[in-house]
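> Based on what follows, work out the 3D shape:
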Amino acid sequence: MKVVGKKIKSYNIVPKESYIYVLTLPDYHFLMLQYLGRRWFRTLAYLSDHESYSEFLNIFFTNKTKL
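Model prediction:
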């Protein structure tokens with residue numbers, strides 16, 4: 001696993017914000033991670049499609065849900 005830039009593949013870690021990362025999995029699944037320091041992460045959510053992934057990020061960063 002490695003932190004990536006432009007080309008994202010399975011099993012890459014993608015930074016989203018200062019302490020939030022995404023581990024990309026095969027078949028467009030995502031694992032949201034919170035960076036705790038050094039080599040430690042906490043799993044926040046497992047998402048199986050891009051729509052759920054986008055909604056999770058929207059709610060997490062804005063604290064607003066769809067009505």
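> hey, let's count contacts and neighbours off CA atoms from now on
Fine.
> Residue nearest the middle of this protein, spatially speaking?
residue 22 (2.6 Å; C-alpha atoms, centre = their mean).
> quick one: which helix or strand includes that one?
strand 20-25 (DSSP states H and E).
> which SSE is residue 10 in?
Using DSSP H and E, residue 10 falls outside every helix and strand.
> quick one, phi psi at it?
phi -60, psi 140 (degrees, to the nearest 10).
> What pLDDT is listed against it?
Residue 10 carries a pLDDT score of 85 in this model.
> ok, now how distant is it from residue 34?
Residue 10 sits at a distance of 19 Å from residue 34 (criterion: C-alpha to C-alpha, to the nearest Å).
> if I read this right, residue 28 contacts residue 46, doesn't it?
No. The criterion here is C-alpha atoms under 8 Å, and residue 28 misses it with residue 46 at 11.2 Å.
> Please identify which of those two sits among more neighbours.
residue 46 (17 against 13; other C-alpha atoms under 10 Å).
> wouldn't the more buried one be in contact with residue 31 here?
Yes. The pair residue 46 and residue 31 qualifies as a contact (C-alpha under 8 Å) at a distance of 4.6 Å.
> Enumerate residues external to the strand holding residue 22 that contact any of its residues.
8-16, 30-35 (C-alpha atoms under 8 Å, 6 or more residues apart in numbering).
> quick one: average pLDDT of that strand?
On average, strand 20-25 scores 88.
> quick one: that strand to chain centroid distance?
Chain-centre distance of strand 20-25: 4 Å, with C-alpha atoms, centre = their mean, to the nearest Å.
> Parallel or antiparallel, which strands does it pair with?
strand 13-15 (antiparallel), strand 29-37 (antiparallel) (DSSP bridges).
> In the longest one, which residues are buried?
I take that to be strand 29-37. Across strand 29-37, burial judged by 16 or more other C-alpha atoms under 10 Å covers 29-35.
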